[in-house]
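Asks: missing the sequence, but the structure's below:
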């Protein structure tokens, strides 16, 4: 492909003479026949050394590379360029004779069902769904158009999944919520008779879990993206366009707004309300509601400024304690001195 | 079903005239043909607005709804009612010709083995076990009566599982414990030649892991329930009726008593003793033994009262530091003043 | 087997008369026909009571047991002894007719492919690989000699895996990294067109995830061992002989040196440099680079001494706050007193 073709495809400005390139790579690893990109200032020093034949970057840095593909939004335009070189896993297409598909299941046009995939009774798949080996679609599940279930993804009975959802390997949608009650002194599971609803464009990471509701639905809003090893409890309602990073846990019945970001290993207690446009830092522990627009971190969760100051003082606690001791000593001495004078 | 029939089945008192209902739902989502329940005071305001034809609740709230099913324990009786409407995943029954079952495996009566399930040499399943697609039972495993392995659950060789255990999708029982030792400067794995024993009624959540012991057994006591994404290290001994919430990790060789609750993302170090009836808060980090009956939280773990006060002061650390500075200044000034007088 | 044979095999000194033994067990559970070992001082009290016919231990403790197998490194030599009694899961060998193997895949000598395993187009397996049921090898993957994929392990397209790597059940190698960007106000996934490279001797725990790079490779160095439920983000570079304990998360593009240990539930932010021989405590949160050789813990991460002192003061925060209040009162009183004298 020619740089000029790439530039034309995405309205980039090519500075430097045109040439062929074969793919994309990092600034470090790109060869003379590969294009790279520059978006994170942290890596500016790599610009000069990169062997890339061209770099997608902002105008101000164009002079630092031999050939520039100037973009108002380099990361976005790298993403677009990458889509030209991306390929989907799994070359198999059609319906494998080694799959197990219940006769009452309804498959849309151009669905692919790999060997060892299971599709249950009365399940319905929209057109163009791809079900990889070992993936499980339970009875009465309804999948929209163009959904992809990667190897060993599991969707249990009756779950509703919108168009263009992606369930990564080992993700589990619709397992029973964690509800138990002592009956006659014995721990009994509370039947989880609700379900799960994923709206259009939801992406669930590898080995993440979205629990079935006790009643009603656990729901995830349009275009929300879950990373790997995330836990979504029963009856959670997550808004649209949320980014939930790896190993986050959201406990049962919490309601989360739109465009909320939760960084890695954060934990949200149950029955809370988290507003729109909230950003929650890594390893945060959220014990109570958070109003919309808040940014913060820490366990317990604090607004950003407070959290930064508090966190920076943790390593200084020993010093603070020493100073407290000194003050106590000095004050005692002073009182004694004055006591003497009085007497 | 009639409200009066439900009331009769579980000794509830129906206040209001009888009528048909079709199922159960939340106070918010229930239609006029559905029954709901009220147990968490947080949702009291929803009682008035609910369209539910009846609500399972405590006598004191009966007047707030059009029809009440009065219960001494509403959540428990909701659970009982829900069991009438619950259904088990998987309509297939019998032994699938698409499963792989070793000829030496012994299956009890009325077992169901789905397609793509694997049952190894000399494995034995009690009556009424259900093995879903992609589930794996290794050689020499012994499962009791009525165990359910959901899709893609894995039980490795030689594991012993009591009656009525439930292994959720993607759970892994009996993978090697994490033991390595440098031999001639090279990291070598320590063979894990022990096994895992789950007592009767244990429930293991989706994608949770219970490691095989180095020697002897990793064991989980009767009716203990593990949520999703939980890690149980090798040679851990967990008591009975424990509730281990999502993303908790218990490191190797720790001994945990009965009726212990660990909230989400808590971590327990190795080789510890945690007594009976201990309750450990979310994200706690437990570095040492905890005596029976203790309730607490924090990292490091503190008794409840201390933890509450300590946690509430974290956001006030910056303020405390300012006050410390002011005290130092004022005391210095005072000493100078007095110094002058002396002179 | 005779004690004398075991001693001879691993250069142990047998003190006490020879006898037959049948296996290995813990000090607690060993019978008179089993050998045990003693390495952790915490369990010294168990030496006297143990029924083991012999114990592998250091010379100084030999007199505390009826028969000793004296070793300079008891845990190491226990590991060696255990290897004599270890057995590999899965008795099946050969290539199952119930597996799905693409005609263009190349399998080395003595490979075992279990039922319901999938091997994609152009994938290549070195000699002696074992692919368990439900394991997935994507197209163009390259596995070295003697790799083991346990049940339901997943390796997505184009991943490169060195000799003698072990992928535990439910582990997922090469799932797309978590990269999204708003394009025209819509959250779009950034195609992850890189791959993953595991060097020789890497062990990935059950349900752990290693993400595919955006560009280039996510890489894990020789003999590094990952425990269960670990998350390795895209473009992470992990060195050799690292030990990454359960539920650790390493965010995208961080570079980790050799012989680094990360304890359970630690989290490493993205784009960081962690030096060689670093040891990171449990639940640590690492927000910035760590120089080689550092040992520490806490969130934010602190050097060990500081962390210990800081952590020990957390439970004393309420007391520190009380003392601060008292000082303020006493100082105010003193100033008033002196004020009076002045006047």
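Replies: Structure's in. What do you need? Note that the structure is a prediction, hence the values are computed from the model and not measured.
Asks: contacts and neighbour counts: CA atoms only from here.
Replies: Will do.
Asks: does residue A:48 really touch residue A:63, like I thought?
Replies: No - using Cα atoms under 8 Å, residue A:48 is not in contact with residue A:63; the gap is 9.9 Å.
Asks: show me the contacts for the nearest residue in space to residue A:83 that is not next to it in sequence.
Replies: Once flanking residues are discounted, residue A:83 sits nearest to residue C:191: 5.7 Å by Cα to Cα, 6 or more residues apart in numbering or on different chains. For residue C:191, the contacting residues are A:79, A:82, A:83, A:86, C:176, C:179, C:214, by Cα atoms under 8 Å, 6 or more residues apart in numbering or on different chains.
Asks: ok, now which ones touch the fourth one?
Replies: By Cα under 8 Å, 6+ apart, the residues touching residue A:86 are C:191, C:192, C:193.
Asks: so how far is residue B:339 from it?
Replies: Residue A:86 is 78 Å from residue B:339, where distance means Cα to Cα, to the nearest Å.
Asks: low pLDDT regions in chain A?
Replies: A:341-343 (pLDDT under 70).
Asks: how about the helices in it?
Replies: A:3-10, A:45-49, A:74-85, A:304-313, A:317-342 (DSSP state H).
Asks: who touches the second one?
Replies: Pointing back at helix A:45-49 there. By Cα under 8 Å, 6+ apart, the residues outside helix A:45-49 that reach it are A:27, A:28, A:38, A:64, A:65.
Asks: Buried residues, that helix. List them.
Replies: Neighbour counts using 16 or more other Cα atoms under 10 Å in any protein chain shown place residue A:47 of helix A:45-49 among the buried residues.
Asks: how far out from the middle of the chain is that helix?
Replies: 30 Å (Cα atoms, centre = their mean, to the nearest Å).
Asks: near chain C, which residues of the stretch 201-343 of chain A?
Replies: Counting by Cα under 8 Å from any Cα of the partner chain, the stretch 201-343 of chain A comes close to chain C at A:206-207, A:223-224, A:227-229, A:241, A:245-247, A:264-265, A:283, A:311, A:314-318, A:321, A:324, A:327-328, A:331, A:335.
Asks: By neighbour count, sort out the buried ones in these.
Replies: The buried subset of those (16+ other Cα under 10 Å) comprises A:206-207, A:223-224, A:227-229, A:241, A:245-247, A:264-265, A:283, A:311, A:314-318, A:321, A:324, A:327-328, A:331.
Asks: Show me chain A divided up by domain.
Replies: Residue ranges for the domains of chain A, per automatic domain parsing: A:3-83, A:100-305.
Asks: So which of those domains is the most surrounded?
Replies: Most buried of the domains of chain A, by mean neighbour count (mean count of other Cα atoms under 10 Å in any protein chain shown): domain A:100-305, with a mean of 24.
Asks: Could you check how far the residue of the stretch 51-200 of chain A found nearest chain C is from chain B?
Replies: Per Cα to the nearest Cα, residue A:79 is where the stretch 51-200 of chain A lies closest to chain C, at 4.9 Å. Using Cα to the nearest Cα, to the nearest Å, residue A:79 is found at 32 Å from chain B.
Asks: Check residue A:78 too.
Replies: Distance, residue A:78 to chain B, using Cα to the nearest Cα: 34 Å.
Asks: Residue A:298 now?
Replies: For residue A:298, the distance to chain B equals 9 Å [Cα to the nearest Cα].
Asks: What about the residue nearest to that residue when sequence neighbours are not counted? Give its phi and psi, please.
Replies: Leaving aside its sequence neighbours, residue A:298 sits nearest to residue A:284 (Cα to Cα, 6+ apart; 4.5 Å). Backbone torsions for residue A:284, taken as degrees, to the nearest 10, come to phi -60, psi 150.
Asks: contacting residues around residue A:284?
Replies: Residue A:284 is in contact with A:265, A:266, A:267, A:297, A:298, A:299, A:300, A:301, counting by Cα under 8 Å, 6+ apart.
Asks: Distance from stretch A:13-23 to the middle of the chain?
Replies: 33 Å.
Asks: And the contacts of that stretch?
Replies: Counting by Cα under 8 Å, 6+ apart, A:1-4, A:7, A:33-35, A:53, A:62, A:66-71, A:85 sit against stretch A:13-23.
Asks: among these, which are within reach of chain C?
Replies: The subset of the contacts of stretch A:13-23 within reach of chain C, by Cα under 8 Å from any Cα, is residue A:85.
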